[in-house]
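J.: With the input below, show me the fold.
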Amino acid sequence: MNIYPVIEKLLIYGEEHLSMDELDAVYCRNKILEKLSLKDYEQYEINVDEIDDMTSPDALLEQLYQYALDKALIKPENKTEFFQDMMDIVSLRPGQMTDEFGNILKRSSTKAMSWLTEYCSKNGSVIQNPTLRRWEAKGTKGKLEINVVKPIEKNNGKYPECDMCLQNVGFGLTKATRPVLLPIGDENNFWIFDKAQYATGLGKLICEYHSPAIFDFSSLNYAFDFVELIPEYFAVLPYKCAHAHLWGGYKTLPFHRTPELKKVKSKEYPYINISIVDWYMSAMRFTCTNREKLVEFTMKLAKTYLGEDENREVIVSVRMIENKYCVEMIFDNSTSKSKSAVKAEATDLDKFGIITLDSALDNHMTQFDIYLTKELPFSAELLPPELRPYKQMLIKLMKEVGDNKISSIEAQIDIKDAINTESEKLLEDLRVFDDAEFSQFLAKLSIA
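T.: Numbering: from 1, shown residues only. Below is the predicted model:
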């Protein structure tokens, strides 16, 4: 393989798509030559228009990887790290990224986040399609989004301390990750897009130092600061986490799109619009133009719920709707367990309606298909071990099909419907209040 033209194409890709300075081309070329153990170089004429049309560097990286593999320079299990090595070389340094982002942010938060999204997509630090299967669960509240996800490799070891630490930047499997500093709070806080984009613009605002996340007055204001700076994004505060952060994104999630179930009024805060949300878990929504009073009300409600029970938790979302602040609160309890067949424990992302299911389900769905189309006799007692967690779901599916002979297309529709139902159950099982209990709880705060 003549690898020199491929190297030249990657350098041009860096110049055309990643703002690499042409004065850095020789330096970057030599870094790539070093990685490939090459001692010389031949310059080739490259069609720049061809590079301009590329939206991803993967085709070039595959060729470089194959060359390195053939030369026994790397092992197959190091493919991801090799890709990151190559893209780290031709990408802007983190400080340059912050400078460029900051200049655009002064003019427009929309343009700044759009630029950053495109950059991180083109330098390979995010995966825009991280799923094996994805569909919208029609007929569910907010239209749950079901994702059978690809495995995402992470740095494993004592360093960095966790997968959210800033030390991941330029290290191991995240060499090409590019955070940007946001002017929020007294400490340095960095925005980093999630590698797996299960929802548009999904990312985290992380503290520079490794310290536990705590839901309090300060962290809630931190979320308000974020949506004021970037009003087209939402922010979510996790209740507990080893590393202080908030997560958010550009696209509203199914929970955000769910209508109100019932309007209620507070005697103490009559100017705040308050409603119970028609969601699977117990949840509320409040809107108001007065930030200070909305923060005060949110903290009062949260503290009343949390009380003395250390198992109780709240997940709080903050966003802007036109000129109003909108806070949404999901009431949770760490002891609540779901009996859903598709997942044992819900993540915060699941609780907002982006259901992420293990990659093994991709193969399982094919196996379900074989039973439903009668290609293989079904016996609940003879299911292979990996399908036993889905036993009751399969029994129900087989009863619905009965003696009918159905096509593979029909079987997949039935299977997806069953997974949709189990995804709803995942969240329904976590509801902490029935209607009467919700009313009693709100009455403590003179809300009715």
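J.: which strands and helices sit next to the helix or strand where residue 85 lies?
T.: Here residue 85, judged by DSSP states H and E, is contained in helix 79-90. Judged by 3 or more Cβ pairs under 8 Å, 6 or more residues apart in numbering; DSSP states H and E, helix 79-90 is in contact with helix 4-17, helix 25-35, helix 58-70. Any C-beta I mention is one placed from the backbone N, CA and C, and that applies to glycine too.
J.: In a markdown table, list these along with mean pLDDT, distance to residue 330 and mean neighbour count.
T.: What follows is the helices and strands packed on helix 79-90, written out as a markdown table (pLDDT from 0 to 100; distance: least, Cβ to Cβ, whole Å; neighbours: other Cβ atoms under 10 Å):
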| stretch | mean pLDDT | distance to residue 330 | mean neighbour count |
| --- | --- | --- | --- |
| helix 4-17 | 97 | 39 | 21 |
| helix 25-35 | 97 | 46 | 16 |
| helix 58-70 | 97 | 37 | 17 |
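J.: between these, which gets nearest to residue 161?
T.: When the helices and strands packed on helix 79-90 are compared by Cβ to Cβ, helix 25-35 sits nearest residue 161, at 27.7 Å.
J.: can you pull out the strands in the stretch 101-250 of the chain?
T.: 131-136, 145-149, 180-182, 189-193, 203-207, 213-214, 234-237, 240-241, 245-249 (DSSP state E, counting those that start in this stretch).
J.: So which of those strands is nearest residue 328?
T.: strand 234-237 (9.0 Å).
J.: residues making contact with that closest one?
T.: 205, 213, 215, 219-220, 222-223, 226-227, 246-249, 252-253, 256, 315-319, 348, 352 (Cβ atoms under 8 Å, 6 or more residues apart in numbering).
J.: Then stretch 32-50?
T.: 3-5, 7-12, 16, 29, 64, 67-68, 71, 73, 85-86, 89.
J.: Could you dump the helices and strands packed on helix 79-90 into a markdown table with distance to residue 409 added?
T.: What follows is the helices and strands packed on helix 79-90, written out as a markdown table (distance: least, Cβ to Cβ, whole Å):
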| stretch | distance to residue 409 |
| --- | --- |
| helix 4-17 | 40 |
| helix 25-35 | 47 |
| helix 58-70 | 31 |
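J.: of these, which approaches residue 93 most closely?
T.: When those are ranked by proximity to residue 93 (Cβ to Cβ), helix 25-35 comes first, at 11.7 Å.
J.: can you give me the mean pLDDT across whichever helix or strand comes after that closest one?
T.: Scanning forward in sequence from helix 25-35 by DSSP H and E, the next helix or strand is helix 48-52. In this model, helix 48-52 carries a mean pLDDT of 94.
J.: Convert the C-alpha atoms of helix 48-52 to CSV, please.
T.: Output of helix 48-52 as CSV, limited to C-alpha atoms (Å, rounded to 0.1, in the frame of the first residue of the first chain):
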residue,chain,number,x,y,z
VAL,A,48,-8.7,19.1,-2.6
ASP,A,49,-12.3,19.1,-3.8
GLU,A,50,-12.5,15.4,-2.9
ILE,A,51,-11.4,16.2,0.7
ASP,A,52,-13.8,19.1,0.9
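J.: Going forward, the N-terminal residue is numbered 340.
T.: That works, and once the first residue is 340, the last one we named lands at helix 387-391.
J.: With that, I have no additional questions.
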